[in-house]
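Engineer: predicted model and sequence follow; I will ask about them next.
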Amino acid sequence: MLYEKESSGLNCLFFLACLLVVALLLFDLQFTRRYMVVQVSGGSMEVTLFDGDVLFADRYAEPKRGDVVIVNVTNYRTAFGFRGDYIIKRLIAVEGDSVLCDKGTVYVRQAGTENFLPLEEPYTSSFVTEDFSEIKVGEGEIFFLGDHRTNSTDSRAVGCLKITDVAGVVPKWAIKIKPLIGVWEKIRNL
């Protein structure tokens, strides 16, 4: 009789463990459909992101001004000398906006407004942005900059790219937990 109770308890425990594994696999499947894993290469986003950082990017998020975005540059590699398929930058302006930099401060005039307003950019730390004249962001385009302004190939050099080239948006929470994401990916790939 005691053997049947122990066996029944072990069966129940085994069943719960199987349910947990299936639930984790389903969660992982849904999560990986929505999020892509990105490893930062280079220093153009310092001090927000560093070479080797691993993050998640949401494939379905609507990119907005101020977001860190992953841009697919496979169509621009030869024209601009990009080495990889993707770059990671900060979205500064969208369709209809105008952007300029005067005395190291970036200003944006949002579509439909009259005045240029200075951007608050604590993420640039002490990196100075070189002045550039007004750039109007065209239909279906984006203007992006690296946070490390003296070490970034971005819209100042390559112009505006298409918003459809945005492959993902890095959520703020992914930046906050980036050390944990790297560990999670290593465990996941065992």
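Structural biologist: Great, that's in hand.

Engineer: show me where the protein has strands.
Structural biologist: Ranges of strands within the chain are 35-39, 54-58, 68-72, 86-94, 98-102, 105-109, 117-118, 132-136, 141-145, 161-162, 166-170, based on DSSP state E.

Engineer: dump the residue contacts of the residue minimising distance to the centre of the chain.
Structural biologist: The centroid of the chain falls nearest to Val170 when counting by C-alpha atoms, centre = their mean (2.9 Å). Residues in contact with Val170, defined by C-beta atoms under 8 Å, 6 or more residues apart in numbering, are Val38, Leu55, Phe56, Ala57, Asp58, Asp67, Val68, Val69, Ile70, Ile88. C-beta here means a position set from N, CA and C on the backbone, and glycine is covered the same way.

Engineer: 6 Å - rerun?
Structural biologist: For Val170, the contact set (C-beta atoms under 6 Å, 6 or more residues apart in numbering) comprises Leu55, Ala57, Val68.

Engineer: model confidence for the first one, exactly?
Structural biologist: Among the per-residue scores, Leu55 holds a pLDDT of 91.

Engineer: likewise Glu6?
Structural biologist: Glu6 carries a pLDDT value of 58.

Engineer: returning to that earlier point: from Gly159, how far off is the residue nearest to the centre of the chain?
Structural biologist: Distance, Val170 to Gly159, using C-beta to C-beta, to the nearest Å: 23 Å.

Engineer: so where do the helices sit in the protein?
Structural biologist: For the chain, the helices defined by DSSP state H occupy 2-34, 77-80, 155-158, 172-176, 178-188.

Engineer: how deep is Gly84 tucked in, by neighbour count?
Structural biologist: As a burial measure, Gly84 scores 10 neighbours (other C-beta atoms under 10 Å).

Engineer: next one: Val94
Structural biologist: By other C-beta under 10 Å, the residues close to Val94 number 19.

Engineer: and the residue lying closest to it once chain neighbours are set aside, what does it touch?
Structural biologist: Once flanking residues are discounted, Val94 sits nearest to Ile142: 5.8 Å by C-beta to C-beta, 6 or more residues apart in numbering. Counting by C-beta under 6 Å, 6+ apart, Ile142 touches Leu91, Val94, Ile163.

Engineer: now do His148
Structural biologist: His148 touches Gly43, Ser44, Glu46, Phe127, counting by C-beta under 6 Å, 6+ apart.

Engineer: equivalent analysis for Arg90, please.
Structural biologist: Arg90 neighbours (C-beta under 6 Å, 6+ apart): Val68, Leu145, Asp147.

Engineer: is it true that the last one touches Pro122?
Structural biologist: No - the pair Asp147 and Pro122 fails to qualify as a contact (C-beta atoms under 6 Å) at a distance of 9.9 Å.

Engineer: out of those two, which sits in the busier spot?
Structural biologist: In this view Asp147 and Pro122 are compared by other C-beta under 10 Å, and Asp147 has more residues nearby, 24 against 8.

Engineer: compile the strands of the chain into a markdown table and extend it with columns for distance to Leu13.
Structural biologist: What follows is the strands of the chain, written out as a markdown table (distance: least, C-beta to C-beta, whole Å):
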| stretch | distance to Leu13 |
| --- | --- |
| strand 35-39 | 32 |
| strand 54-58 | 33 |
| strand 68-72 | 43 |
| strand 86-94 | 45 |
| strand 98-102 | 60 |
| strand 105-109 | 59 |
| strand 117-118 | 61 |
| strand 132-136 | 63 |
| strand 141-145 | 52 |
| strand 161-162 | 54 |
| strand 166-170 | 40 |
